[in-house]
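>>> pasting the sequence and the predicted model now:
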Amino acid sequence: MLRWFIVVFLALVLISGLSPLLRKLGFGRLPGDFRFRWLGRDWDVPLASTLLLSFCVSLLAKWL
């Protein structure tokens, strides 16, 4: 249980640190990606970007 908590925490820290770079690459700008400000912080919910990346990875895995 503690191991999964640490992995999830590190993944969230890594994604939060890379979010400015990912925004420059266009991640989070598709229609269906939501961005809002709550409690003084910007929150991103990249639904469409996640679906697109998942589709691309699955095609790549199928091709390989």
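It's in. This is a predicted model, so every value here is computed, not measured.

>>> now the lowest-mean-pLDDT helix or strand in the chain: buried residues?
Every helix and strand of the chain was ranked by mean pLDDT, DSSP states H and E. The lowest is helix 2-24, at a mean of 78. Of all the residues in helix 2-24, not one is buried under the rule 16 or more other CB atoms under 10 Å. C-beta: built from backbone N, CA, C; applies to glycine.

>>> only alpha carbons, please: show stretch 13-25 as CSV.
Extracted C-alpha coordinates of stretch 13-25, given in CSV (Å, rounded to 0.1, in the frame of the first residue of the first chain):
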residue,chain,number,x,y,z
VAL,A,13,4.9,15.6,-8.8
LEU,A,14,6.5,14.7,-12.2
ILE,A,15,3.4,15.6,-14.2
SER,A,16,3.0,18.9,-12.3
GLY,A,17,6.6,19.8,-13.0
LEU,A,18,6.3,19.0,-16.7
SER,A,19,2.9,20.6,-17.2
PRO,A,20,4.4,23.9,-18.6
LEU,A,21,6.4,21.9,-21.2
LEU,A,22,3.4,19.7,-22.0
ARG,A,23,1.3,22.9,-22.6
LYS,A,24,3.9,24.2,-25.0
LEU,A,25,3.6,20.9,-27.0
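
>>> tell me how far it lies from the chain's centre.
Centroid separation between stretch 13-25 and its chain, computed with CA atoms, centre = their mean, to the nearest Å, is 8 Å.

>>> what sits up against it?
By CB atoms under 8 Å, 6 or more residues apart in numbering, the residues outside stretch 13-25 that reach it are 28-29, 44.

>>> which of those residues has the most neighbours?
Gly28 (18 neighbours; other CB atoms under 10 Å).

>>> contacts for stretch 44-61, please.
Taking CB under 8 Å, 6+ apart as the rule, stretch 44-61 contacts 19, 27-36.
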